[in-house]
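A.B. asks: please work out how this folds:
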Amino acid sequence: MKNLNEKKFKILGVGIFVVAMAYLEATVVVYLRALYYPEGFFFPLKMIPTKMAFVEVGREVATIVMLFSIAFIVGKKLKDKAAYFFLSFGIWDIFYYVWLWVLLRWPGGFFDLDLLFLIPVPWIGPVAAPILISILFITMALLTLTQDEINFSSLDLFFEFLAVLMVILSFTLNYTAVFKSPMVYAFPWWFFFPGVILGVVVFIRRLLVS
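C.D. replies: Just a heads-up that it's a prediction; the model follows:
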């Protein structure tokens, strides 16, 4: 019970940290859009200056480093560190969009396209896709942290890695479309959902047999 209460306290602390971090991330986007997209954020996107693009890539790297760092500090076991990372990533990503809506009234809908990431190539997808992934990350992370008997085999980890890779590829399969005009883009849900389903099925199976 003491261990569970300690984890609840840590989960609360991580949540507060990443909600605040999401606000900082959202404010940077507010500034970028005011500078480079004053007419509105829509596809195809015009290129920002190369120097600023490198600055933006650096910011994205720093974001991931911060999420890894908080997970490394808070978690004790390797399994817990991984769970805290996915928990923090999920909360951060959802509140990033919450703060963008508060500050810009954007996105206007769950199927608005967004430029999600730039490393190693641009990631494109409707807002609904990363939000769904974030909800799953949060759910699975909380179950992992509160159910000590869950232990993942090497085969489990392989298939979870494969699932994550499929999801990432679904965001990058047609990344050049972000700069094409006129914009003709269809998100590959046919590749995205099999990755999601694979990850969920492997996790549920492990949860049931633990």
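A.B. asks: and the next helix or strand past the longest helix seen in the chain?
C.D. replies: Longest helix of the chain, by residue count under DSSP state H: helix 2-36. Following helix 2-36 in sequence order, the next helix or strand is helix 50-74 (DSSP states H and E).
A.B. asks: got the buried residues for that next one?
C.D. replies: Using 16 or more other Cβ atoms under 10 Å as the test for burial, helix 50-74 gives Glu56, Thr63, Met66, Leu67, Ile70, Ala71, Val74. No exception for glycine: its C-beta is placed from N, CA and C like everyone else's.
A.B. asks: buried set for stretch 127-142?
C.D. replies: So stretch 127-142, judged by 16+ other Cβ under 10 Å, has buried residues 127, 129-134, 136-138, 140-142.
A.B. asks: list the helices and strands the longest helix of the chain packs on?
C.D. replies: Counting contacts by 3 or more Cβ pairs under 8 Å, 6 or more residues apart in numbering; DSSP states H and E, helix 2-36 packs against helix 50-74, helix 78-104, helix 128-146.
A.B. asks: same for the second one, what does it pack against?
C.D. replies: Using 3+ Cβ pairs under 8 Å, 6+ apart, the elements in contact with helix 78-104 are helix 2-36, helix 50-74, helix 128-146.
A.B. asks: and Gly125, backbone torsions?
C.D. replies: Main-chain torsions, Gly125, degrees, to the nearest 10: phi -180, psi 160.
A.B. asks: what sits against the closest residue to it other than its chain neighbours?
C.D. replies: Closest residue to Gly125 apart from its sequence neighbours, by Cβ to Cβ, 6 or more residues apart in numbering: Phe171 at 4.9 Å. Contact analysis of Phe171 by Cβ atoms under 8 Å, 6 or more residues apart in numbering lists Leu116, Phe117, Trp123, Ile124, Gly125, Ala129.
A.B. asks: let's see 7 Å
C.D. replies: By Cβ atoms under 7 Å, 6 or more residues apart in numbering, Phe171 lies in contact with Leu116, Trp123, Ile124, Gly125.
A.B. asks: can you tell me how far the third one sits from Phe192?
C.D. replies: Taken as Cβ to Cβ, to the nearest Å, the spacing of Ile124 relative to Phe192 amounts to 12 Å.
A.B. asks: same question, the last one
C.D. replies: Distance, Gly125 to Phe192, by Cβ to Cβ: 8 Å.
A.B. asks: done for today, thanks.
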